[in-house]
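S.K.: build me a model:
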Amino acid sequence: MTTYTHPDVLDKGVAQGWADPIDDPRDIAWPPRQAAAAIPFEVVDGRPVNPHAPTGVRYGRNELGHWGEKQAADAIVTARLAGGRHVLLVERDDGHGWAIPGGCVDPDEDALSAAIRELAEETGLSVPGVSWVVQAARYVPDPRASDEAWMVTTPAIADLGEVDELPAVVGADDARRAEWVPADSYAVLAAHLDATYRGHVFAAHQPLLAELLG
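M.R.: From the prediction side, this is the model:
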């Protein structure tokens, strides 16, 4: 069985505060984490079990910093320009492709607030007064996950409607760049990323975008 935790998790992750400093999950008090989880999960012999296992990495955290579930929020912002739908995406700086702006929910922060914060941090876009639709939390098939560390996200959706010009955006924080991508369908979006940037959609966001765009 595969055991793997990326060296950055134990080095930079712990030093920067985004990784659990505990090496052995059996040393964690699991009941509080299970009670706070968005999606219920089991703990067997002191080790958390990904509800969507197997992932290919049985033990360890792979590229994620936490043990068990980590909650995130994603801001899906769409707009129509000359009748064509566009969606705002960012190119991740870790090589995993193009993604919906988003990130981890901070302690004492709700999912919508986290999505709006991450949108501003990663793209510079602020949309005061817009109506948001917050969906239920969902498991995401993150390629960085393991059977003992995984992500759950809450999507927040905002449609800016028909615009004369797409709002200016710029990649920042952990986004290499931010762009409005044609998205009349998921196939159109994927083809545009490939043809324009030789890029692809982040695997964790493929089902979500395919479901939204059709």
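S.K.: only C-alpha atoms from now on, for both contacts and neighbour counts.
M.R.: Noted.
S.K.: the closest residue in space to Pro54 that isn't next to it in sequence: neighbour count?
M.R.: In this structure, Pro54 finds its nearest non-sequential neighbour in Asp147, 5.9 Å apart by Cα to Cα, 6 or more residues apart in numbering. Residues within reach of Asp147, counting by other Cα atoms under 10 Å, total 24.
S.K.: just checking, Asp147 touches Thr55?
M.R.: Yes. Contact criterion Cα atoms under 8 Å: Asp147 and Thr55 qualify, at 5.8 Å.
S.K.: any stretches of the chain with poor pLDDT?
M.R.: The model of the chain has pLDDT under 70 over residues 1.
S.K.: would you map the strands across this protein?
M.R.: 3-5, 42-44, 47-49, 59-62, 68-81, 84-92, 98-99, 102-104, 133-134, 138-139, 149-163, 175-182 (DSSP state E).
S.K.: counting contacts, what elements does the fourth one pack onto?
M.R.: Right, the one you point to is strand 59-62. strand 3-5, strand 149-163 (3 or more Cα pairs under 8 Å, 6 or more residues apart in numbering; DSSP states H and E).
S.K.: how about the fifth one?
M.R.: Using 3+ Cα pairs under 8 Å, 6+ apart, the elements in contact with strand 68-81 are strand 84-92, strand 102-104, helix 111-123, strand 149-163.
S.K.: next one: the second one
M.R.: With contacts defined as 3+ Cα pairs under 8 Å, 6+ apart, the packing partners of strand 42-44 are strand 47-49.
S.K.: what strands line up against the strand it packs on, and which way round?
M.R.: Within its sheet, and counting by DSSP bridges, strand 47-49 is paired with strand 42-44 (antiparallel).
S.K.: next, the buried residues of the partner strand.
M.R.: For strand 42-44, a neighbour-count test (16 or more other Cα atoms under 10 Å) marks Val43 as buried.
S.K.: can you tell me what sits against it?
M.R.: Strand 42-44 has contacts (Cα atoms under 8 Å, 6 or more residues apart in numbering) with 30, 34, 48-51.
S.K.: output the residues you listed as CSV; include the columns distance to Gly83 and neighbour count.
M.R.: Converted to CSV, those look like this (distance: Cα to Cα, whole Å; neighbours: other Cα atoms under 10 Å):
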residue, distance to Gly83, neighbour count
Trp30, 50, 17
Gln34, 45, 17
Pro48, 47, 23
Val49, 46, 22
Asn50, 42, 25
Pro51, 41, 16
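S.K.: so what's the closest residue to Trp98 other than its chain neighbours bridging to?
M.R.: Spatial nearest neighbour of Trp98, excluding adjacent residues (Cα to Cα, 6+ apart): Glu91 at 4.3 Å. The partner list for Glu91 in beta bridges (DSSP bridges) reads Trp98, Arg177.
S.K.: I figured Glu91 hits Gly102, correct?
M.R.: No. Look at Glu91 against Gly102 with Cα under 8 Å: they stay out of range, at 11.7 Å.
S.K.: just how off-centre is stretch 64-75 within its chain?
M.R.: 8 Å (Cα atoms, centre = their mean, to the nearest Å).
S.K.: ugh, wrong one, stretch 4-13
M.R.: Using Cα atoms, centre = their mean, the offset of stretch 4-13 from its chain centre is 19 Å.
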